[in-house]
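Colleague: Quick one: sequence plus predicted model below, questions after.
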Amino acid sequence: MKGKTIKSFIGLGCVILLLAVGIIAVSAQEGQPLVSPSIFLPVVHRAGHTISGQVLSPQNIPISGVMVQTDKGQSAVTDQYGNYSIDNLKGGTYTLSPSLGGIVFSPSSSAVVVPPSVEKLNFTADAQCEAIVNSGFEGNTGWEFPATEYPASYDTSQAHSGNRSARTGITNPADNRYSYSSTRQRISIPSGATSANLSFWIKPYSDEAMARSLPDEPAIGSLWQEVQMAGDVQYALILNTSGAILQQLIWQKSDSRTWTEYHFNLLAYRGQTIYIHIGTYNDGYNGVSSMFVDDVSLELCAGGTPPPPPGPCSNLFKNPSFEWTGDWEIPYTAYPAGYSSARAHTGARSMRTGITYTGDNRYSYSDFRQAVHIPSGAAVAMARFWLYTLSGETSTLSQPEMITPTGRPFEETTLSGDVQYVLVLDQYQNWIDTLVWQRTNEGYWHFYEFDLRPYSGRTIYLQFGTYNDGYYGISSMFVDDVSLDDCGTPPTPPPGPCTELLVNNNFDGNTGWEIPVTVYPAGFSNAQYHSAFRAMRTGIVVSGVNLLSYSDFRQRVSIPYNTNSTTLRMWIYPISGEMLGQALPPQPTPGSSFGETQMTGDIQYLLVMDTSYNIVEVLMWRLSDSQTWTNLVFDLSKYRGWTLLLQWGTYNDGGGGTSAMYVDDVTLQACH
C-alpha cells in the first residue's frame, strides 16, 4: 500500500479493515501517506459462479461448435479445444445439455449445484446418423422460431408422439391476421453423406374454403420473404443460409386434421448448409389455418468418401403427367378409369380412378397401368407419384385389411369394401407386390416414393386403381406426375459406420419375415402403421373371434463379431380387451423352448431365441391397451458373433377379451 494517499475515508481519522484473522486499525491524517503495517486486501468476486468442462469424442478428440445450454437458458459453445465455460451464474441447481446436429452425447444431460463452481463437467460426443436436434420438440433446443406478427411455438395441445409438437399458424379464429408463422433448423449435410433422408409428421387445419386457390408457389432461387399473399398456405421449404429457396417440399392448404408422414431425399444438398423451414401463412381474411409438426428426422449416414453422382437419369414412363391421351393401358370395366381435368397436380390433367358421382355407385374395378423395363445396372429406380384420394366410406368402415399378393391377376381377388391401391404386376400382369393399399379421404395431393431396384432386370407393370363395392359411399383416386427414374451405375461407395441387419424392416415388402402357422397367425396389415403403409399384426383384432392361439413372426439375424454396438429399435401399437391389472403369465425361463403351451391370460412379447428355437432372453413381456405408437430400444451388443432369432408375438388364451400388437419400423443397427 506504499505510495497510496488516503483522500477520503469513513470514521474519525481511522480506516478499519475486517479480515479473516481479526481487525486491524490504522491511523492516518488527511493528505498523509498511509504507512506500515503493510496489509493485503482479499479479492471478493461478486459476479457469480462458473460451470466449465470439455466435450470429447470417444477417441478423446476435442469437439468444437457444441452448444452447451442450461435449463435456465444460459449457454456456451465449445472452442477448438472442446472447452466451454458458463459464467456469472447465481447459486442453485442447473441441468446442462449439449447439442450438435448429427451427434449423440453421453450423458445427454447432467445436473449440478453451485456454489461451489463446477469444473470438468465433461461430455462424450458420438457421431450418429440422426442430424435433427430436438426432433420431437420435447426440449427447447435446436429450433428457431422467427419473430413475426403471430409466431410459431412449442405446443402441448397436439402431439404425434411424446407430449409436444410445434404449432405453426393460427388456431383461434379471433386471432386472424396477416402473418407468417414458421419454425426452422439449420443443418450441414457432409459432402461424404451416402444418404440424407428427411421425414416428418404434420397435422394441418384450415377453416378457409378449400375451393379457394392457393397463392402462387415462390420461384426456386428467390428469397423467402414475408410478402403478403391472397389465401392461406401451409408449407415446408429448403432454404440456403441466405434465405433463398432451394426446394418446395410442401405447398398446400389442407384441413385433413390427421397426422400424415412425409419423406424426402435431401442427398442433393450434400456439402451444403441448409435450413429446413416449416410453417403456415395466414392472409388475415376468411378462416384461419395452422399446421402442427412433430417427429422431424434427418438421417445422415456418411461413407468413407463421397460417392460419385449416378449416371444420367431418365423417366421410364411415357406421358407421365397425362397431358395427352395415350401410352397408358386402361382396362375396360363397369366404371373404367379416365383422363380428367377436374383435378391436376401440375398442368391441366390427371388420371381419375374410381367413381366421383354418388349416383354412379356400383361394383367396379377402375384401373390404369403401364409396362416398364428396369435395367439390371440401374443405380436408382425410384417410383414417384402424387395421389389425391376421396372416399365416402371412411366414416363407416375401418381401414381395409392388407391382402398378400396372390401371384394371379388382381381382378380375381375378392375384396371387402372400397380400396385405393398401387400395385406391381409381373410381365404377365400377375399381382406380385403392393405399394399403396388404403381407403382415405384426404382431399389434397400427397407425394409417394418407392425404391423399385429389387425389380432390376425385369419388366413390370405399375397399376393404379380404385375398387368400389357398390355399397355405402363412393371412392376415387386421382394420379399425377408419375415417374420412374433410371440412372446409370456409379462405383460402389464404401460402407457407412452402421449396417442394418434386418430385411424389410418397415414391412412394406413381403420378404425377410417368417410367420409360423398357428390357429390365428400374424400377418401384414395396413389397419395400423407407424410409417406408411404397412405394419405387422400379431394377435386377434376381429370382433367376435377369441381363440387360444399364439400369433408370431420372426427373423433370423447374424450379428458380426467386430461390431462395437448393436441396437434394436422398434415401434409397437398394443391393443387389449382383457381386464388389465391382473397378474401376467409367468415368463418362460432361458433355455426353454417357446411352443404351444397353454397359459392363463393374454400376453404381448418379444423374445431372443437361438437357432434351435430355445429362449435366450425375454426382452418384452407385457399386456397393454395403450393404443398409441410407442418406441422401444434394446441393446443387443452382448450378442455379437451370434446368430439369433428375434420373435415378436401376442398370445390369446381364448377367454375374456382379445389382445393384439402391431409392430413397425424395426431396425437392428450394427455399428463398427
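Modeller: The structure has been received and is ready for your questions.
Colleague: Going by C-alpha atoms from here, please, whenever you check contacts or count neighbours.
Modeller: Will do.
Colleague: what about stretch 201-215, start to end distance?
Modeller: The first and final residues of stretch 201-215 sit 23 Å from each other (CA to CA, to the nearest Å).
Colleague: Pull out the buried residues from stretch 63-79.
Modeller: By neighbour count on 16 or more other CA atoms under 10 Å, the buried set for stretch 63-79 is 63-70, 75-79.
Colleague: try stretch 594-612
Modeller: 601-610.
Colleague: quick revisit: helices - which of the buried residues of stretch 63-79 land there?
Modeller: When the buried residues of stretch 63-79 are checked against helices (DSSP state H), there are no matches.
Colleague: Give the single residue among the buried residues of stretch 594-612 positioned nearest to residue 412.
Modeller: Using CA to CA, residue 604 is the member of the buried residues of stretch 594-612 that sits closest to residue 412, with 35.9 Å.
Colleague: gap between the helix or strand harbouring that closest one and the chain center?
Modeller: Taking DSSP states H and E as the definition, one finds residue 604 inside strand 603-609. How far strand 603-609 lies from its chain's middle: 26 Å, per CA atoms, centre = their mean, to the nearest Å.
Colleague: List the contacts of residue 355.
Modeller: Shown in contact with residue 355 (CA atoms under 8 Å, 6 or more residues apart in numbering): 335, 361, 468, 474-476.
Colleague: Which strands or helices does the strand holding residue 604 pack on?
Modeller: If contacts are counted by 3 or more CA pairs under 8 Å, 6 or more residues apart in numbering; DSSP states H and E, strand 603-609 sits against strand 615-622, strand 643-653, strand 659-671.
Colleague: switch to 7 Å and redo it
Modeller: The contact analysis (3 or more CA pairs under 7 Å, 6 or more residues apart in numbering; DSSP states H and E) places strand 603-609 against strand 615-622, strand 643-653.
Colleague: send the alpha carbons of the shortest one over as PDB?
Modeller: If I follow you right, that is strand 615-622. Output of strand 615-622 as PDB, limited to C-alpha atoms (Å, rounded to 0.1, in the frame of the first residue of the first chain):
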ATOM      1  CA  ILE A 615     -35.200 -68.900 -25.400                       C
ATOM      2  CA  VAL A 616     -32.100 -66.900 -24.800                       C
ATOM      3  CA  GLU A 617     -33.700 -63.700 -23.300                       C
ATOM      4  CA  VAL A 618     -37.100 -62.200 -22.800                       C
ATOM      5  CA  LEU A 619     -36.900 -58.600 -24.000                       C
ATOM      6  CA  MET A 620     -40.600 -57.700 -23.500                       C
ATOM      7  CA  TRP A 621     -43.400 -59.400 -21.600                       C
ATOM      8  CA  ARG A 622     -46.400 -57.200 -21.100                       C
END
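Colleague: What strands flank the helix or strand immediately after that strand in the chain, and is each parallel or antiparallel?
Modeller: Proceeding N to C from strand 615-622, the next assigned helix or strand is strand 630-635, under DSSP H and E. Under the criterion DSSP bridges, strand 630-635 sits next to strand 565-576 (antiparallel) in its sheet.
Colleague: The strand it pairs with vs strand 643-653, what angle?
Modeller: Counting by axes from the mean of the first three to the mean of the last three CA atoms, to 10 degrees, strand 565-576 lies at 10 degrees to strand 643-653.
Colleague: Alpha carbons only: can I get strand 565-576 in PDB?
Modeller: Only the C-alpha atoms of strand 565-576 are listed here, as PDB (Å, rounded to 0.1, in the frame of the first residue of the first chain):
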ATOM      1  CA  SER A 565     -22.600 -51.700 -30.700                       C
ATOM      2  CA  THR A 566     -25.800 -53.400 -31.800                       C
ATOM      3  CA  THR A 567     -29.100 -51.600 -31.100                       C
ATOM      4  CA  LEU A 568     -32.600 -52.900 -31.700                       C
ATOM      5  CA  ARG A 569     -35.300 -50.200 -32.100                       C
ATOM      6  CA  MET A 570     -39.000 -50.700 -32.900                       C
ATOM      7  CA  TRP A 571     -42.400 -49.100 -32.600                       C
ATOM      8  CA  ILE A 572     -45.300 -51.100 -31.100                       C
ATOM      9  CA  TYR A 573     -49.100 -50.400 -31.000                       C
ATOM     10  CA  PRO A 574     -50.600 -52.700 -28.300                       C
ATOM     11  CA  ILE A 575     -54.400 -53.400 -28.000                       C
ATOM     12  CA  SER A 576     -56.100 -55.500 -25.400                       C
END
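Colleague: Not counting its own residues, what contacts that strand?
Modeller: By CA atoms under 7 Å, 6 or more residues apart in numbering, the residues outside strand 565-576 that reach it are 624-637, 657-671.
Colleague: Name the residues of whichever strand or helix holds residue 424 that are buried.
Modeller: Secondary structure from DSSP H and E places residue 424 in strand 419-425. Residues of strand 419-425 classed as buried: 419-425 (neighbour count, 16+ other CA under 10 Å).
Colleague: now do stretch 221-235
Modeller: Buried, per 16+ other CA under 10 Å, within stretch 221-235: 224, 230-235.
Colleague: Check stretch 281-290 too.
Modeller: 281-284, 287-290.
Colleague: Endpoint to endpoint, that stretch covers what distance?
Modeller: Distance across stretch 281-290, first residue to last, is 8 Å (CA to CA).
Colleague: avg pLDDT for that stretch?
Modeller: For stretch 281-290, mean pLDDT rounds to 93.
Colleague: do the same with stretch 465-477
Modeller: pLDDT averaged over stretch 465-477 gives 93.
Colleague: Give the buried residues for it.
Modeller: So for stretch 465-477, counting by 16+ other CA under 10 Å, buried means 465-470, 472-477.
Colleague: Now that stretch - C-alpha only, CSV.
Modeller: C-alpha atoms of stretch 465-477 as CSV (Å, rounded to 0.1, in the frame of the first residue of the first chain):
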residue,chain,number,x,y,z
GLY,A,465,-56.7,-48.1,-59.3
THR,A,466,-59.7,-47.8,-57.1
TYR,A,467,-62.2,-50.6,-56.3
ASN,A,468,-65.8,-49.7,-55.4
ASP,A,469,-68.1,-52.4,-53.9
GLY,A,470,-71.3,-50.6,-54.8
TYR,A,471,-72.4,-50.1,-51.2
TYR,A,472,-72.3,-47.2,-48.7
GLY,A,473,-70.2,-44.3,-50.2
ILE,A,474,-68.1,-44.0,-53.3
SER,A,475,-64.3,-43.8,-53.6
SER,A,476,-61.9,-42.4,-56.1
MET,A,477,-58.2,-41.5,-56.6
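Colleague: Great, nothing more from me.
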